[in-house]
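K.L.:
Got a predicted structure plus its sequence, pasted below:
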Amino acid sequence: MSVKIFKQLPYGEQNFASVRTENYAYVDKTRYIEMLEKESNKRQFFIRPRKFGKSLFISMLSYYYDMFCADRFQELFGGLYIGDNPTPRKNGYAVMKFDFSGLDTSNPDIFIKSFNGKVQLTVQKFLKRYESIFEHAETWIKDIKEEKMGIRSLEVAFGVAQIANVKIFVIIDEYDHFANDLLAMGVEDVYKKMVQANGLVRDFYETLKIGASEVVDRIFITGISPVMLDNLISGFNIAAILTVEERYNSMMGFTHTEVEWLMDETGVSRDLITVDMESYYNGYLFNKDATDRIYNPSMMLYFFSQIIDNRKVPESIIDPNLKMDYGRLQRLIRHEANRDMLLQIVKDGGVVSTIQTAFPIDIIHDNEQFVSLLFYMGLLTIDKPDFGKVRLCIPNYAIRTVFWEYILRMAQEEAAFVINTSELDRSVRALALEGKAKEFIDYVSRNIFNRLSNRDLQQFDEKYIKIMLLTLMFQSNIYIPVSETETDSGYIDIFLHRRQLTPKVKYEWIFELKYLKASVKKLEPYRLEAKKQLHDYGISTLMKDRKDLKKAVILFIGKKEYEIFED
């Protein structure tokens, strides 16, 4: 009986040739080559959140269309869909590939130099790669370098290729990376100067548009947001936006079937998976009519790599490399309307809106534009249609924890409080080991709620209280805090679920939360209602057989008083 040789996980791998030749498992996305090639518009935009497989996908495109990779076609594409169904244009182009990440955006002059340098270096590499078919390539490379042509070097490359009767496929990765940096730094004026009319970036795309009328036959552009797209459309109005088309919903990321295949190919033991992968990492939907919800590939590969390497689920449920820079979102939510919208989304679990395919920087703080930006960033996804609009929701538990961290930091900035981690840990340990809730609630009341600003108090209600409790509990890393757990008796406000990595936790908890204004005098009706809800949750099918389950009603009165009733 032969023993199956497992393939390696392609965690962090972005080079298609390496994945295909170094025993990595590759989730076959090559059928989309055929689909993209059949599109009537050969200039295409496609946007996905960070770490969603964009770089590996465009690496695949590069190897498939590069005329100098024809002799490797079977090696790279044999056994894949496109290997059995090659298209007319395979290995038919000189590929010019740009990557606009890593540009220096510290000030306008340095950015101009950095952008020009990136374009110039890409053109030099292009001419060097195809120098055997381009006349005087070495001379042009030298002239470009000496004259520091910058964007003008594109015109040289297009002219040389046209003389050689060679068609070019331009691929642009991270088209908006520098724009996102500029916006995150809060320098919209620099952004407008570079991207809008007569700006450096605008000139680049107008030059590309001219090339598309003569020698550039195909263009594929990808990034993470459409913010820059609106400014480019008027100068580069020749591209199809495929981002939210139903047929491309699963072009990047993993479907459930693909995740199952990946586990079989790489030897991920299902016996070691002690968490609900679907609720942790799945949930992305990029078109309301699409059927397959998508896993973030980086999240899944991180999760699987931890299981293979350590024989257990990771302590951190989200890849540290994937966590979005808080400073980026902090800049976006410096507008009060955006802050309120972010808090409302977390409190309600989502929002009803339309998804804008492009919008200018000037209105990025309008509600629908801000919500759309969160969608493209992967912080929201489509839940379901809603009377001509869509309900957007937080995709999964991993992203929900990112929101919790944002909310906590927002509250800290407003109320100027500092979390005493040792005191917090002691109070959570009292919950876990002694079955006592008072110390934790008292910590939250004294250290957070009592210090809330007047602005925060305007938002203060049961939902706000729940967010703060969930956030602090997640920070402690002892429980898995779950909001709105569904039972046959209703939805539990907070369920503190024992983590597999903390087996010494003796007690799990159900919290039923109530909030009353300090002016309310008759508390008894609210006490009775909460106690009944708590009792019903305890005898529900989901909870009735759980050992060592503790239950508590927590009644907050104003921001300074509270009562606890344990069942």
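P.N.:
Ah, there it is.

K.L.:
which sections of the stretch 301-450 of the chain are below the confidence cut-off?
P.N.:
Scanning the stretch 301-450 of the chain for pLDDT under 70 picks out 322-334, 360-365, 414-417.

K.L.:
repeat that with 90
P.N.:
Residue ranges of the stretch 301-450 of the chain with pLDDT under 90: 310-344, 346-349, 356-370, 373, 377, 387-388, 397-424, 444-450.

K.L.:
hey, where'd the helices end up in it?
P.N.:
326-332, 336-348, 367-376, 397-415, 421-429, 438-447 (DSSP state H, counting those that start in this stretch).

K.L.:
Packing partners of the longest one?
P.N.:
When you say that, I think you mean helix 397-415. Counting contacts by 3 or more C-beta pairs under 8 Å, 6 or more residues apart in numbering; DSSP states H and E, helix 397-415 is packed against helix 277-281, helix 326-332, helix 336-348, helix 454-458, helix 462-476. In short, each C-beta sits where N, CA and C put it, glycine included.

K.L.:
how far away is the closest residue in space to Ile394 that isn't next to it in sequence from Phe304?
P.N.:
With C-beta to C-beta, 6 or more residues apart in numbering as the criterion, Ile394 has its nearest non-adjacent residue at 5.0 Å, and that residue is Arg400. Distance of Arg400 to Phe304, given as C-beta to C-beta, to the nearest Å: 21 Å.

K.L.:
now do Gly378
P.N.:
Applying C-beta to C-beta to Gly378 and Phe304 gives a distance of 19 Å.

K.L.:
One more: Phe134?
P.N.:
Here Phe134 is placed at a distance of 44 Å from Phe304 (C-beta to C-beta).

K.L.:
Quick check: chain neighbours aside, which residue is closest to the most centrally placed residue in the chain?
P.N.:
By C-alpha atoms, centre = their mean, the chain has its centre lying nearest to Gly378, at 3.5 Å. Spatial nearest neighbour of Gly378, chain neighbours left out: Pro49 (2.8 Å); criterion: C-beta to C-beta, 6+ apart.

K.L.:
what about Leu36, neighbour count?
P.N.:
Leu36 sits with 19 neighbouring residues when counted by other C-beta atoms under 10 Å.

K.L.:
let me redo that: Glu278
P.N.:
Neighbour count of Glu278, defined by other C-beta under 10 Å: 14.

K.L.:
Spatially nearest residue to Glu278, not counting backbone neighbours?
P.N.:
Per C-beta to C-beta, 6+ apart, closest to Glu278 is His256, 7.6 Å.

K.L.:
same question, Asp176
P.N.:
Nearest to Asp176 is Gly223, by C-beta to C-beta, 6+ apart, at 3.9 Å.

K.L.:
now swap in Phe126 and tell me
P.N.:
Met96 (4.7 Å).

K.L.:
Is that neighbour in a helix, a strand, or coil?
P.N.:
Under DSSP: H, G, I helix; E, B strand; the rest coil, Met96 falls in the strand class.

K.L.:
So it sits against Lys167, correct?
P.N.:
No: taking contacts as C-beta atoms under 8 Å, Met96 lies outside contact range of Lys167: 11.0 Å.

K.L.:
Tell me which of these two has more neighbours.
P.N.:
For Met96 versus Lys167, neighbours defined as other C-beta under 10 Å are more numerous around Met96 (26 against 18).

K.L.:
for the more buried one, what are its contacts?
P.N.:
Residues in contact with Met96 (C-beta atoms under 8 Å, 6 or more residues apart in numbering) are 122-123, 126, 157, 168-171.

K.L.:
can you do 6 Å?
P.N.:
Met96 is in contact with 126, 168, 170, counting by C-beta atoms under 6 Å, 6 or more residues apart in numbering.

K.L.:
what does Glu37 give?
P.N.:
Thr87.

K.L.:
Now with 8 Å, please.
P.N.:
87-89.

K.L.:
how about low-confidence regions in the stretch 1-150 of the chain?
P.N.:
The model of the stretch 1-150 of the chain has pLDDT under 90 over residues 1-5, 12, 50-51, 101-112, 147-150.

K.L.:
And for the residue nearest to Thr105 when sequence neighbours are not counted, the neighbour number?
P.N.:
Nearest residue to Thr105, sequence neighbours excluded (C-beta to C-beta, 6+ apart): Asp181, at 4.6 Å. Using other C-beta under 10 Å, Asp181 has 20 neighbouring residues.

K.L.:
Phi, psi for Asp181 please.
P.N.:
Torsion angles at Asp181 (phi, psi; degrees, to the nearest 10) stand at phi -60, psi -50.

K.L.:
And for the one 10 residues further on?
P.N.:
Dihedral pair for Tyr191: phi -60, psi -50, per degrees, to the nearest 10.

K.L.:
Verify the contact between it and Leu182 for me.
P.N.:
Yes: between Tyr191 and Leu182 there is a contact under C-beta under 8 Å: 4.4 Å.

K.L.:
so what are the domain limits for the protein?
P.N.:
Split into domains by automatic domain parsing, the chain comes to 28-248, 326-393, 416-566.

K.L.:
end-to-end on the longest one?
P.N.:
Length of domain 28-248, first residue to last, C-alpha to C-alpha, to the nearest Å: 14 Å.

K.L.:
what does stretch 258-274 give?
P.N.:
Span of stretch 258-274 from end to end, C-alpha to C-alpha: 20 Å.

K.L.:
Buried residues of it, list them for me.
P.N.:
258-259, 262-263, 265-268, 273 (16 or more other C-beta atoms under 10 Å).

K.L.:
again with stretch 48-68
P.N.:
Using 16+ other C-beta under 10 Å as the burial criterion, the residues of stretch 48-68 that qualify are 48-67.

K.L.:
and if you look at stretch 9-23?
P.N.:
By neighbour count on 16+ other C-beta under 10 Å, the buried set for stretch 9-23 is 9-11, 13, 15-16, 19-20.

K.L.:
Distance to Leu431 added to those, as a markdown table?
P.N.:
Below are these laid out as a markdown table (distance: C-beta to C-beta, whole Å):
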| residue | distance to Leu431 |
| --- | --- |
| Leu9 | 37 |
| Pro10 | 41 |
| Tyr11 | 35 |
| Glu13 | 42 |
| Asn15 | 48 |
| Phe16 | 49 |
| Val19 | 46 |
| Arg20 | 50 |
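
K.L.:
Looking at the residues you listed, which one is closest to Glu524?
P.N.:
The closest of those to Glu524 turns out to be Tyr11 (C-beta to C-beta; 56.6 Å).

K.L.:
Report the distance from stretch 259-266 to the chain centre.
P.N.:
22 Å (C-alpha atoms, centre = their mean, to the nearest Å).

K.L.:
swap in stretch 536-548?
P.N.:
For stretch 536-548, the distance to the chain centre is 35 Å (C-alpha atoms, centre = their mean).

K.L.:
need the contact list for Ser476.
P.N.:
Shown in contact with Ser476 (C-beta under 8 Å, 6+ apart): 424-425, 428.

K.L.:
6 Å - rerun?
P.N.:
Contacts of Ser476 (C-beta under 6 Å, 6+ apart): Val428.

K.L.:
swap in Arg391?
P.N.:
By C-beta under 6 Å, 6+ apart, the residues touching Arg391 are 350, 352, 383-384.

K.L.:
bridging residues for it?
P.N.:
Taking DSSP bridges as the rule, Arg391 bridges to Val352, Lys384.

K.L.:
Let me know the pLDDT of Leu208.
P.N.:
pLDDT, Leu208: 89.

K.L.:
Kindly report the same for the one 3 residues further on.
P.N.:
According to the model's per-residue confidence, Gly211 sits at a pLDDT of 88.
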